[in-house]
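S.K.: Everything below, folded, please.
(chains A and B)
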Amino acid sequence: MRLHRLALASSALVAFGTVLAGAAQAEISDDAVKIGVLNDRSGLYADLSGEGSVVAARMAVEDFGGTVNGKAIEVLSADHQNKPDVGSNIARQWIDQDGVDVIVDVPTSSVALAVQQVTSEKDTAFLDSGAATTALTNDQCAPTFVHWTYDTYALSVGTGKAVVDEGGKSWFFLTADYAFGHQLEKDTAAVVEANGGTVVGSVNHPLSSSDFSSFLLQAQASGADVIGLANAGGDTTNAIKQANSFGIVQGGQKLAALLGFITDVDALGLDVAQGLTLTTGFYWDRNEDTRKFADRFAEKMNGQKPTMVQAGVYSAVMHYLKAVEEIDDDGGKAAVDQMKKMPINDFFAEDGTIREDGRMVHDMYLVQVKKPGDSAGKWDYYEIVKTIPGSEAFLPIEKSSCSLAKK
Amino acid sequence: MQEIFGVPAPLLFGQLLIGLINGSFYALLSLGLAVIFGVLNIINFAHGALYMMGAFVAWLLLNYLGIGYWPGLILAPLIVGAVGIVIERAMLSHLYDLDHLYGLLLTFGLALIIEGTFINFYGVSGQPYAPPEILNGGYNLGFMFLPKYRAWVIVASLAVCLGTWLLIERTRLGAYLRAAVERPDLVRAFGINVPLMMTLTYGFAVGLAGFAGILAAPVYTVSPIMGQNLIIVVFAIVVIGGLGSILGSIVTGLGIGLIEGLTRTFYPEASSTVVFVIMAIVLILRPNGLFGRPRE
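M.R.: Below is the predicted model:
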């Protein structure tokens, strides 16, 4: 009997302790909210994310007021060099030693997947803007994660469908040989086939290949109507530039850049890039609000207009801070749960919502790159052809393989 | 259609030709590295950054001074060569008596500084640079469409490589140079200004990198990171050819270009690693490289 009472008392104590611990957690840790911007700062994705994303995060903090419920907000940044091991090590160190509460941006799908494991294990919020793979909100989804700006599915239903509709029925893929490229090829192939097209072949190229002529020659020999570029950044621009010199476009084959950023168009020049169809989550010259943000951003970035990734970082950080303010807690799952309850309304998204699987659903835009004569100057590059409503742009939640979505 | 190992013959010929084009870039760069190592005993890690600088100088000349491709072809290597001479005089010349490692560290640091400076001002995405009007378009060879500009790249780089080889192997100046490599003290005793010769050699070899840079500008996007990946491959080529062997570096450069082209056809995923596999095999079988001879 005594023993029984002791057991009861101790279990009550344990329960009390748990409640205490829980209560202790429900506040802003270390008296500060620390935002870690983790991305490529020196490699091929540095212009589309890089320093621009850090600037965007700082702008969000500034616009929010610099503090949340009286606690300071800090922004840290680091270079993951597009290497998963480097990225997950920085994430671990940030969380364990520097008290980072939320990691944002993280382009390069392979790195994002590695960081996802760390943040979900350590209950830290992870708001991804730069990476593309849908695996982040499917097999590898996590309750601490939000995918903000775009994903491979959105790119394929945007650009892929548009090109098939224009008559590009047979496809050959040039695919970057890592998580992102494979996912983008898979998603696009599904869209092509669903719309009556066929895939006649593909070739995997190593990340950061500077010479694409060998691959382009194989694509040319395939006789496909469309050469789908399932790659990004410098790989895409080099492939397009070289396709031009090898007479591929003149020969009647069409190029489909499945992922192109405004910085890529700038690197190519309109002479080469004109006519390309792209899918984007943001274009700076869409309305008054986007222009206002872009002008402020450009002032701090030597005149560069924000890419969709950089604009997405601003929007994600702002929404996160609002959620933390609401619940006065910067725990990863708690903050993300709160974010899921609030709609997103800013220059980036109108009535955006975050689904159970972590997908932020907002409108995407199908754009066409302007002819040199139609452009008023630098950064005036896109004509918005179509707005793709969020409900069509992203993988329907019924089809998501995320365990969080199956309830 | 005739097939070779399951690949249509025309496609294979096309790949070989492309391999040759890439090989001629490799040859130009590895030639410079080999000359620098042979004469100055320096492992020049800044070579990739100086190659990038050649491309950027061409772009800057065009956009700020309106100087086009053809004058740029002369000016860019001269400007990069001049930068090289300053680097040699101000820094490298103090390291000749020290271990290789010092030269390697210094040039590696220089490469980071040069690349970082360009990234700061121009970003990594790159800048467009169009080929000159006369080299637009291409030839239909039946088995492939050869852009005129690529054909020009082969001709120009092979001519420069051959010229350099003749200069070093067949002229009096080259003989002095080779003698200075073997016994600098003796050559100096004959009244030849060895330090000046070394400075000019570095300037010349770096100028070759600048030349490769402007040749590459219309092919790739002109970006501060364009030399980063290339330099590692080129180093592997120099090692395969035999450190310091001039003919070895040219032949190996072209050969590796061809092998890479074939790999891109048969097993594209390995195309960026094949050169290192070859390097490992060569180092096991012939530690001094294919054309190298043992150094005492």
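S.K.: Need the three-state assignment for A:T175.
M.R.: Per DSSP: H, G, I helix; E, B strand; the rest coil, the secondary structure class of A:T175 is strand.
S.K.: my read: it touches A:H182, true?
M.R.: Yes: under the criterion of Cβ atoms under 8 Å, A:T175 makes contact with A:H182 at 6.6 Å. No exception for glycine: its C-beta is placed from N, CA and C like everyone else's.
S.K.: Tell me which of those two has more neighbours.
M.R.: A:T175 (25 against 20; other Cβ atoms under 10 Å in any protein chain shown).
S.K.: what touches both of A:T175 and A:H182?
M.R.: The contact sets of A:T175 and A:H182 overlap at A:204, A:230 (Cβ atoms under 8 Å, 6 or more residues apart in numbering or on different chains).
S.K.: Can you show me the strands along the stretch 151-300 of chain A?
M.R.: A:170-176, A:198-205, A:226-230, A:254-257, A:277-280 (DSSP state E, counting those that start in this stretch).
S.K.: a markdown table please, covering these and showing distance to B:V239 and mean pLDDT.
M.R.: Below are the strands of the stretch 151-300 of chain A laid out as a markdown table (distance: least, Cβ to Cβ, whole Å; pLDDT from 0 to 100):
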| stretch | distance to B:V239 | mean pLDDT |
| --- | --- | --- |
| strand A:170-176 | 28 | 96 |
| strand A:198-205 | 25 | 94 |
| strand A:226-230 | 34 | 95 |
| strand A:254-257 | 37 | 92 |
| strand A:277-280 | 42 | 94 |
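S.K.: So what's the residue count around A:D85?
M.R.: 11.
S.K.: what does the host helix or strand of it rub up against?
M.R.: Element membership for A:D85, per DSSP states H and E: helix A:84-97. Contacting residues not belonging to helix A:84-97 are listed as A:34, A:36, A:38, A:76, A:78, A:80-81, A:100, A:103, A:106, A:108, A:110-115, A:117-119, A:122, A:124 [Cβ under 8 Å, 6+ apart].
S.K.: In ChimeraX, select just the buried ones from these.
M.R.: The buried residues among the contacts of helix A:84-97 can be selected in ChimeraX (16 or more other Cβ atoms under 10 Å in any protein chain shown) with this line:
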select /A:34,36,38,76,78,80,81,100,103,106,108,110,111,112,113,114,115,118,119,122,124
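S.K.: mind listing which of the contacts of helix A:84-97 are in strands?
M.R.: Among the contacts of helix A:84-97, the residues falling in strands (DSSP state E) are A:34, A:36, A:38, A:76, A:78, A:103.
S.K.: Looking at these, which one is closest to chain B?
M.R.: Ranked by distance to chain B (Cβ to the nearest Cβ), the ones in strands among the contacts of helix A:84-97 are led by A:A78 at 16.3 Å.
S.K.: Quick check: closest non-adjacent residue to that closest one.
M.R.: A:I90 (4.9 Å; Cβ to Cβ, 6 or more residues apart in numbering or on different chains).
S.K.: Could you give the number of residues near the one you found?
M.R.: 23.
S.K.: A:H147 - how many residues pack around it?
M.R.: 29.
S.K.: Next: A:D264.
M.R.: With other Cβ under 10 Å as criterion, A:D264 counts 28.
S.K.: One more: A:G377?
M.R.: Other residues near A:G377 come to 6 when the count uses other Cβ under 10 Å.
S.K.: ok, it to A:A311 distance?
M.R.: 20 Å (Cβ to Cβ, to the nearest Å).
S.K.: One more: B:D185?
M.R.: Distance from B:D185 to A:A311, by Cβ to Cβ: 65 Å.
S.K.: got the contact list for the closest residue to B:N140 other than its chain neighbours?
M.R.: Of all residues not flanking B:N140 in the chain, B:L146 sits nearest, at 7.9 Å (Cβ to Cβ, 6+ apart). Taking Cβ under 8 Å, 6+ apart, we find B:L146 in contact with B:17, B:138-140.
S.K.: Of the residues you listed, keep whichever come out buried.
M.R.: Buried among those by 16+ other Cβ under 10 Å: B:17, B:138.
S.K.: any chance of the contacts of B:L146 in CSV, with distance to B:V124 too?
M.R.: What follows is the contacts of B:L146, written out as CSV (distance: Cβ to Cβ, whole Å):
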residue, distance to B:V124
B:L17, 30
B:G138, 29
B:Y139, 34
B:N140, 35
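S.K.: picking that back up, what about B:D185 and A:A311, which has more around it?
M.R.: Between B:D185 and A:A311, A:A311 has the larger neighbour count (other Cβ under 10 Å), namely 30 against 8.
S.K.: For the closest residue to the more buried one other than its chain neighbours, the count of nearby residues, please.
M.R.: In space, and not counting its chain neighbours, A:A311 is closest to A:F282: 4.3 Å by Cβ to Cβ, 6+ apart. By other Cβ under 10 Å, 27 other residues sit near A:F282.
S.K.: again, but for the one 5 residues further on
M.R.: Counted with other Cβ under 10 Å, the burial measure for A:N287 works out to 11 neighbours.
S.K.: mind listing what it touches?
M.R.: A:F347 are the contacts of A:N287 under Cβ under 8 Å, 6+ apart.
S.K.: what do you get if the cut-off is 10 Å, keeping everything else the same?
M.R.: Applying Cβ atoms under 10 Å, 6 or more residues apart in numbering or on different chains to A:N287 gives the contacts A:347, A:350.
S.K.: Ok, B:G14 next?
M.R.: Counted by Cβ under 10 Å, 6+ apart, B:G14 has contacts A:213-214, A:216-218, A:220-221, A:246, B:8, B:141, B:143-146, B:261, B:265.
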